[in-house]
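Chemist: output the structure for:
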Amino acid sequence: MAGSVTEVSAAQTKKAAAALLKHAQSKSEGEPKKRNLLGDDDEQEGAKEGVYLILTTKKFLADRVVMKPKRITIPHPLYSADTTSVCLLTKDPQRLYKNALLGDEAASKDQIARIIGVSKLKTKFKTFEAKRQLRDEYDLFVADERIVTALPAILGKTFIGHKKLPVPISVLGAGAKGSIARTNKANKGKKPEVSAEDAVAAEQAGVSSRRVAAEIERTLNSATVVLSPGVCTSVKIGYTTFSPEQIAANVTAVMGALAGGEKPVVKGGLKGVRSVYIKTADSVSLPIYLADELHDADDVKAEGEEVVKKAKGKDGKAIKKGKTEEAEAKAEPKAKAEKPKAEPKAKASPKKAAKAAETAPEASPEAAPETKPKAAPKAKTAPKAAAKAAPKKAAPKAKAAPKRKRE
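Modeler: Numbering: from 1, shown residues only. The predicted model follows:
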């Protein structure tokens, strides 16, 4: 099966979208809609309901959890620039960004409803109730890309569960990133080369309101996806108020970003996709693409081919191929050296038994009782050759030792 994205049939997508929208409309008219505790506030009124694309893959999408939403530009946006309230989360100091982005001459003053610094976010919105109120107050959250990885631990499950993690944007101009990075690197030493005032001035000069306005505009026209170490993910692609053609166009755009291009997010491109569905929050999943083969040709062993098990070390971790060959090469001479060592031990045992038998008569009367029990097992375990080599006088003398002690 070829790996082009055009294999996701547009006709099948439109057919599934039409059926899904018809089902959602009939359900909303037939029975009163229940409040969805996990849904967005704009979906509670019953006017619209979110439509999601469910993607399953043959291999993991990521090796670790990346709490950094990825933007995918779609032709029919989910947000309206006129009605969407945007909250921007920035570094400290908060006043610096307010002056630069909310001033009278700032290009982004009409797009941003509020700016919150990290320190204020930690102190003022520390409780669960405060975080919940902040989450419900704004439709979209964006954050400086330099702090976005630290925000999930601060915002907590109330943002993560409702899929309202801040989308990363760049607040600095094109030429300011390099100079600010050099300034921060210089300040990491014991004796800062740049003063705090100069660093703040450089940061304020580097903040670009035009860049922020363009980044927010792009975010409003995009769908977001969070990758995790699994074989399934979901992307919000529209609402039930969209037409089947609009949903199909958004599906094509999302699939092109995830499974198309030179560097697709899905390993192997469309060959690595197992299935694609569309659904609402409380409907069944309608398939729009199913893979013919569940496994690639490289993953299936040929008939008669042996399965090589991964060698493990003492710590239980897998050893690399080069190291296993070295270990096998070292193990062979050791095994050969251990075999001849066992033979001389068997030959040396009769000589030791004979020496022990010769030295037994010379033992003192006091040591005789102690040597008697030790000599008996040696005579039993020694081979026949050792019994013949032992002198006959040793037996009566060994018996005479206890008689002398009694006298």
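Chemist: show me what contacts T57?
Modeler: Residues in contact with T57 (CB atoms under 8 Å, 6 or more residues apart in numbering) are 231-232, 266-267, 272-274. Any C-beta I mention is one placed from the backbone N, CA and C, and that applies to glycine too.
Chemist: in strands only, show me these.
Modeler: 232, 273-274 (DSSP state E).
Chemist: out of those residues, grab the one that's most surrounded.
Modeler: V273 (25 neighbours; other CB atoms under 10 Å).
Chemist: residue contacts, it?
Modeler: By CB under 8 Å, 6+ apart, the contact set of V273 is 55-58, 259, 266, 289, 291.
Chemist: ok, now with 6 Å
Modeler: Going by CB atoms under 6 Å, 6 or more residues apart in numbering, V273 touches 57, 259, 266.
Chemist: what do you get for I237?
Modeler: Taking CB under 6 Å, 6+ apart as the definition, contacts of I237 comprise 51, 53, 223, 250-251, 254.
Chemist: which of those lies closest to P152?
Modeler: A223 (19.5 Å; CB to CB).
Chemist: tell me how far the closest one lies from T57.
Modeler: 18 Å (CB to CB, to the nearest Å).
Chemist: again, but for S9
Modeler: Note on S9: its distance to T57, by CB to CB, is 19 Å.
Chemist: cool, and V66?
Modeler: 16 Å.
Chemist: tell me, how many residues neighbour A153?
Modeler: Neighbours of A153 (other CB under 10 Å): 8.
Chemist: how about the strands in this protein?
Modeler: Under DSSP E, the chain gives strands at 50-57, 70-73, 86-90, 114-117, 140-144, 167-169, 222-225, 232-239, 273-280, 286-290.
Chemist: would you list those strands in CSV and tack on distance to A19 and mean pLDDT?
Modeler: Below are the strands of the chain laid out as CSV (distance: least, CB to CB, whole Å; pLDDT from 0 to 100):
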stretch, distance to A19, mean pLDDT
strand 50-57, 12, 93
strand 70-73, 24, 93
strand 86-90, 35, 94
strand 114-117, 41, 94
strand 140-144, 30, 94
strand 167-169, 31, 93
strand 222-225, 22, 93
strand 232-239, 15, 94
strand 273-280, 10, 93
strand 286-290, 6, 92
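Chemist: among the ones you listed, which is nearest A16?
Modeler: With CB to CB as the measure, strand 286-290 is the member of the strands of the chain nearest A16 (4.1 Å).
Chemist: tell me what the nearest residue in space to R274 that is not next to it in sequence is bridged to.
Modeler: Leaving aside its sequence neighbours, R274 sits nearest to T56 (CB to CB, 6 or more residues apart in numbering; 4.5 Å). Counting by DSSP bridges, T56 is bridged to C232, S275.
Chemist: ok, A81 - contacts?
Modeler: Counting by CB under 6 Å, 6+ apart, the residues that A81 touches are L220.
Chemist: try 10 Å
Modeler: If a contact means CB atoms under 10 Å, 6 or more residues apart in numbering, then A81 has 110-111, 216-217, 220-221 as its contacts.
Chemist: next one: I278
Modeler: With CB under 10 Å, 6+ apart, I278 has these contacts: 13, 16-17, 19-20, 51-54, 237-238, 247-248, 250-251, 285-288.
Chemist: how about a cut-off of 7 Å?
Modeler: By CB atoms under 7 Å, 6 or more residues apart in numbering, I278 lies in contact with 16-17, 20, 51-53, 251, 286, 288.
Chemist: and what of V142?
Modeler: V142 touches 86, 88, 166-167, 169, 216, 219, counting by CB under 7 Å, 6+ apart.
Chemist: make TSV out of the strands of the chain and add distance to F125.
Modeler: Compiled in TSV, the strands of the chain are given as follows (distance: least, CB to CB, whole Å):
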stretch	distance to F125
strand 50-57	26
strand 70-73	25
strand 86-90	11
strand 114-117	8
strand 140-144	12
strand 167-169	19
strand 222-225	22
strand 232-239	25
strand 273-280	31
strand 286-290	39
